[in-house]
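In: please find the sequence and the predicted model below.
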Amino acid sequence: MTEQKFVTLFDRKTDYDFVGVGRTITKIGMALAAVTLLAIPVIGLNWGIDFAGGTELQVKFDKTVEAPAITASLQKAGFEKSQVQPYGASSANEWLVRVERIATVGATERDSVGKALGEAFGDRFVRLDVSDDKGDRVGVILKVPGSSDDVVAQQAALDADQKLLAELIENKAGIRLRRTRQVDGTESTTADAIVRDEPHQGTVTFLVQFQGVADKVGKGLEADFGRFEIRRVDFVDARVAESLRSQGVMALIFALAAIVIYLAVRFDAFFAPGALVATLHDPLIALGVFTFGRIEFDTASIAALLTIVGYSVNGVIVIYDRIRETMPAGPLSNEDLIPVVNKAVNDTFARSINTVLTTLFTTVAVAVFTDGSIRNFAVVLSAGFVIGTISALFIGPTVYLFFRKNFYTPEVVVDGAITREDTERGVV
């Protein structure tokens, strides 16, 4: 029978000094993790639409349109942060478009409106009634003109105020009011964009409705690509986004807590800290990639971090199991343990490298040939897998040796008794 031959990329019998290099790499890794912890509150994460709030539209075009062209059209319409991804079969020409705003009117636009109204109405202008809950609506509070005794004259003056408001907001403040579309496709006037309440205690409130995000996106896309259909519009407001952020953080905390409990049961007091440090180190460095690379952090990013945590734990456990299998019977000094750890890491080196290369073939390909949140997901996964392999090969064993050197007390060996080293090797 012909002997089967296998192709090997790495020598399975290496003899590198992982422990010696590991001390330096561990210091560098801890420094990078500390820098990330300091940078997150200062620089801040680049929150995606899921965590910052925004509007999502499902649109269908009459012709083939590419994602970069849609993104460019959105930027031209004033939406700097957006996500565009295909929806369904490519032949359907349907896309999911996400923009970072749920209202076209921000603080700058509100200030512009307030300034224009103050100049036009003088002391009759009381204030703007604004809040994030109102979205694209703003309340304009004015003092009632004329005398309440002449109701007809007062109503005529209020009608004039309403017309003047529309002209000031669109022409002077430069903000487009909402318009409805008639059955024949033509737009209505601004008459329906401003609704007036009844006068109360000398003031009257005009509810002004600005052009919505969906309308603004639609007009921009229609100008660039012709007729299309908006099939669905959803939005995530600031409170929902904050809740999603909290839930994402809790998911990470619970996952890490479960892993810590598992490590405490799986290994003894000298192995567990190394696995814990590596497990915390890897997602922190990945967060540094998000922070300094200004990569959008969305719900897919939570999945990426949890995947990195699982990958890191798996790599460390494989090496720790090999250390326990390699450890000889009987008591060992700290100096005698160093070559044992080095041999164990060398025995698993080829396996670790082949494993990370196999995963990188997939994640790098996704990062190169995709775009948007999927590309961000793949980029962070690629970085996390490399970091996880480094921490498993260097940081985990180094921290294990550190704790054993500083906190280990040799035991008096009694004939027939099970030593601590036996326990580390799994002897029961």
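Out: Looks like it arrived, so ask away.
In: ok, residue 278 - how many residues close by?
Out: The tally of other residues near residue 278 (other C-beta atoms under 10 Å) stands at 29. Every C-beta, even on glycine, is put in place using the N, C-alpha and C of the backbone.
In: got the domain ranges for the chain?
Out: In terms of domains, the chain is parsed into 18-46+239-424, 54-101+213-225, 107-211 (source: automatic domain parsing).
In: show me how far the shortest one is from its chain's centre.
Out: By that I understand domain 54-101+213-225. Distance, stretch centre to chain centre, for domain 54-101+213-225: 21 Å (C-alpha atoms, centre = their mean, to the nearest Å).
In: and if you look at stretch 305-322?
Out: In this view, stretch 305-322 has its centroid 23 Å away from the chain centroid, taken as C-alpha atoms, centre = their mean.
In: give me phi/psi at residue 357?
Out: Main-chain torsions, residue 357, degrees, to the nearest 10: phi -70, psi -40.
In: got the domains of the chain as a markdown table, with mean pLDDT and distance to residue 231 columns?
Out: Listed next are those as a markdown table, based on pLDDT from 0 to 100; distance: least, C-beta to C-beta, whole Å:
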| stretch | mean pLDDT | distance to residue 231 |
| --- | --- | --- |
| domain 18-46+239-424 | 82 | 20 |
| domain 54-101+213-225 | 82 | 5 |
| domain 107-211 | 76 | 16 |
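In: all strands of the protein, in order?
Out: Assigned by DSSP state E, the strands in the chain fall at 46-47, 54-61, 82-86, 94-99, 125-129, 137-143, 194-196, 203-209, 228-236, 296-297.
In: most tightly surrounded among those?
Out: strand 296-297 (a mean of 24; mean count of other C-beta atoms under 10 Å).
In: strand partners of that strand, parallel vs antiparallel please.
Out: Sheet pairing of strand 296-297 (DSSP bridges) gives strand 46-47 (parallel).
In: OK, contacts around the closest residue to residue 202 other than its chain neighbours?
Out: Setting aside the residues directly before and after it, residue 202 is nearest to residue 144 in space (C-beta to C-beta, 6 or more residues apart in numbering), at 5.6 Å. For residue 144, the contact set (C-beta atoms under 8 Å, 6 or more residues apart in numbering) comprises 154, 158, 199, 202, 203, 204.
In: closest to residue 38 among these?
Out: Taking C-beta to C-beta as the measure, residue 38 lies nearest residue 203 of those, at 50.3 Å.
In: who does the closest one form a beta bridge with?
Out: Residue 203 has these beta-bridge partners by DSSP bridges: residue 143, residue 200.
In: wait, it touches residue 145, no?
Out: No: using C-beta atoms under 8 Å, residue 203 is not in contact with residue 145; the gap is 11.0 Å.
In: identify the bridge partners of the closest residue in space to residue 222 that isn't next to it in sequence.
Out: Closest residue in space to residue 222, ignoring its immediate chain neighbours: residue 228 at 6.5 Å, by C-beta to C-beta, 6+ apart. Assessed by DSSP bridges, residue 228 has beta-bridge partners residue 61.
In: run through the bridge partners of the residue most central in space within the chain.
Out: In the chain, the residue lying closest to the centroid (C-alpha atoms, centre = their mean) is residue 297, at 1.6 Å. Residue 297 has the following beta-bridge partners by DSSP bridges: residue 47.
In: now do the contacts for it.
Out: Residue 297 sits next to 45, 46, 47, 48, 51, 290 when contact means C-beta under 8 Å, 6+ apart.
In: tell me the one among those residues nearest to residue 332.
Out: Proximity to residue 332 was ranked across those by C-beta to C-beta; first place goes to residue 290, at 42.0 Å.
In: verify the contact between the closest one and residue 47 for me.
Out: No: the pair residue 290 / residue 47 is not scored as a contact, 9.9 Å apart, by C-beta under 8 Å.
In: what ranges do the helices span in the stretch 301-428 of the chain?
Out: Counting by DSSP state H, counting those that start in this stretch, residue ranges of the helices within the stretch 301-428 of the chain are 334-369, 372-390, 396-407, 420-424.
In: give me whichever of these is most buried.
Out: Greatest average neighbour count among these goes to helix 372-390 (a mean of 22), per mean count of other C-beta under 10 Å.
In: helices or strands up against that helix?
Out: Applying 3 or more C-beta pairs under 8 Å, 6 or more residues apart in numbering; DSSP states H and E, one finds that helix 372-390 contacts strand 82-86, helix 272-293, helix 299-326, helix 334-369.
In: go again using 10 Å as the cut-off
Out: When contacts are defined as 3 or more C-beta pairs under 10 Å, 6 or more residues apart in numbering; DSSP states H and E, helix 372-390 sits against helix 18-43, strand 82-86, strand 94-99, helix 272-293, strand 296-297, helix 299-326, helix 334-369.
In: partner strands of the second one and their direction?
Out: Same thing as strand 82-86. strand 94-99 (antiparallel).
In: by how many degrees do the strand it pairs with and strand 228-236 diverge?
Out: Computed by axes from the mean of the first three to the mean of the last three C-alpha atoms, to 10 degrees, the angle separating strand 94-99 from strand 228-236 equals 40 degrees.
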